[in-house]
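Engineer: Please find the sequence and the predicted model below.
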Amino acid sequence: YYDTADLKLKRGQVALRVRDVDKRRIQTLKRIGPAASAIYRREEREQEVNSAAPDTACFSKPERKKLFGSEAGDPGLRPVFSTDIRRTVWLLQDADSEVELALDIGEIRSESGRSEPVCEAELELKKGDPQRLLDIALAMSDRIDFTVSSMSKSDRGYALIDGAAPRPVKARRVKIGKRATVAQSFVAIAQSCIDHLQRNEQPAVLGHDPEGIHQARVAIRRLRAALKTFKAVIDRDRQRYFSRELNWLQKEFGAARDWDVFLTETIDPLMTRFPSHAGLSDLHGRARRAQVRAYSRARRAFGSRRYGRLRLQFEQWLMILEKTDGPNLRQPVRKLAAKSNDKLHRKLMKSGKNILKLDEAALHEVRLTGNCLLY
């Protein structure tokens with residue numbers, strides 16, 4: 001993989017590689033960055049070249065300027081990381097689709113000496129319906145213990161260069177047209193929630209920033225709120241199943257978030273005021289150890305087959321919803337939104353009537369109702 005000294009290609013969210021394949025050298029220019037779903041849809045261009053170094057002469061002047069900031073001259077490309085992969089490929093075919101299954105085992109190495117092992121399978125649609133990718137992945141998960149990765153090899157290679165941890169991100173704004181249907185709106189909102197969760201997966205797993213696990217929980221809460229808001233018009237069995245699975249995932253992350261809040265908002269300020277207090281020092285140490293255990297639990301959840309299947313099943317359902325016809329799903333979402341918000345508003349006003357007398361659990365329920373209303 002090649003880039004400039006100041007990583008212009010990475011900043012432009014593209015990757016440039018030259019790969020040795022059966023005594024041929026193939027140059028590839030592709031888009032990079034976190035995928036918005038388990039299915040990557042990325043622009044990719046390949047061509048055969050004569051050497052291990054990239055051939056930039058194939059780029060047009062506007063493309064060169066966009067990629068390197070200049071239309072002419074040497075862009076100053078250099079190797080930044082490499083992959084040493086043994087790939088085994090199977091071609092899966094049925095009546096109307098063709099999917100390539102590639103098993104990659106090897107290593108990613110940065111020029112600075114950092115490395116990371118690779119053991120992953122990739123499904124690539126050659127012909128047919130993209131839903132077949134999810135069907136095959138789910139069938140494989142019945143027999144093989146794996147989860148879904150949100151990072152490509154190029155993403156992981158760039159992460160090795162400077163060792164910088166990925167930063168937590170907040171949810172992107174969901175854009176829904178005035179004439180959008182219920183199905184279109186639910187799919188757009190749910191995909192936004194999945195994207196939000198996926199982008200915070202690595203920050204949450206690493207645990208360097210408490211905001212990572214917090215934003216992961218926010219993404220789950222948003223998705224649960226969407227299921228609740230649309231429950232009158234979506235399949236009831238699926239709604240219950242995914243609500244139950246998301247509730248499980250929320251609980252797996254709950255302890256990590258609780259210890260983060262307790263340490264940052266209570267113990268750490270007290271330690272600053274009373275640094276030599278023996279009792280506080282002991283409590284601080286115990287809380288830190290409990291926090292480490294809680295983050296281990298969150299990492300196990302992210303790496304579990306159950307989480308992987310949840311991701312695949314949910315995205316499979318969204319694909320099905322996009323193709324499903326029916327009066328409930330094809331009605332304008334504005335009608336459903338008005339009816340839903342009116343119902344939630346009445347519930348909010350009723351539950352908050354004696355708000356000063358409510359206990360903590362009841363106050364939390366009022367807050368969740370308000371979240372659904374504002375959604």
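Structural biologist: All right, it came through fine.
Engineer: So, low pLDDT: which residues of the protein?
Structural biologist: 33-38, 371-375 (pLDDT under 70).
Engineer: The most centrally placed residue in it sits in which helix or strand?
Structural biologist: By CA atoms, centre = their mean, the chain has its centre lying nearest to residue 198, at 1.4 Å. Following DSSP states H and E, one finds residue 198 within helix 182-199.
Engineer: since we're on the residue lying closest to residue 152 once chain neighbours are set aside, how many residues are nearby?
Structural biologist: The shortest distance from residue 152 to any non-neighbouring residue, by CB to CB, 6 or more residues apart in numbering, is to residue 32 (6.5 Å). Just so you know, the C-beta spots here come from the backbone N, C-alpha and C atoms, and that holds for glycine as well. Here the count is done by other CB atoms under 10 Å, and residue 32 has 20 residues near it.
Engineer: How about the contacts made by residue 32?
Structural biologist: 10, 13-15, 42, 152, 154-155, 158 (CB atoms under 8 Å, 6 or more residues apart in numbering).
Engineer: Next SSE downstream of the lengthiest helix in the chain?
Structural biologist: The longest helix of the chain (DSSP state H) is helix 236-262. As assigned by DSSP H and E, the chain's next helix or strand after helix 236-262 is helix 268-273.
Engineer: what packs against that following helix?
Structural biologist: When contacts are defined as 3 or more CB pairs under 8 Å, 6 or more residues apart in numbering; DSSP states H and E, helix 268-273 sits against helix 278-302.
Engineer: quick one: the helix it packs on to helix 236-262, angle?
Structural biologist: Going by axes from the mean of the first three to the mean of the last three CA atoms, to 10 degrees, helix 278-302 is angled at 150 degrees with respect to helix 236-262.
Engineer: Next, the angle from whichever helix or strand residue 315 is part of to helix 236-262.
Structural biologist: Residue 315 belongs to helix 305-323 when assigned by DSSP H and E. In terms of direction (the same axes, to 10 degrees), helix 305-323 departs from helix 236-262 by 130 degrees.
Engineer: For residue 215, pull up the helix or strand it's in.
Structural biologist: Using DSSP H and E, residue 215 falls within helix 210-229.
Engineer: And that helix, what does it pack against?
Structural biologist: Here helix 210-229 touches helix 182-199, helix 201-206, helix 236-262, helix 360-374, going by 3+ CB pairs under 8 Å, 6+ apart.
Engineer: so can I have a markdown table of these showing distance to residue 217?
Structural biologist: Below are those laid out as a markdown table (distance: least, CB to CB, whole Å):
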| stretch | distance to residue 217 |
| --- | --- |
| helix 182-199 | 9 |
| helix 201-206 | 9 |
| helix 236-262 | 5 |
| helix 360-374 | 13 |
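Engineer: For residue 220, which of these is the nearest?
Structural biologist: Smallest distance to residue 220 across the helices and strands packed on helix 210-229 (CB to CB): 5.0 Å, for helix 236-262.
Engineer: Buried ones in the closest one, by neighbour count?
Structural biologist: Neighbour-count burial for helix 236-262 flags 239, 241-242, 245-246, 249-250, 252-253, 255-257, 259-260 (criterion: 16 or more other CB atoms under 10 Å).
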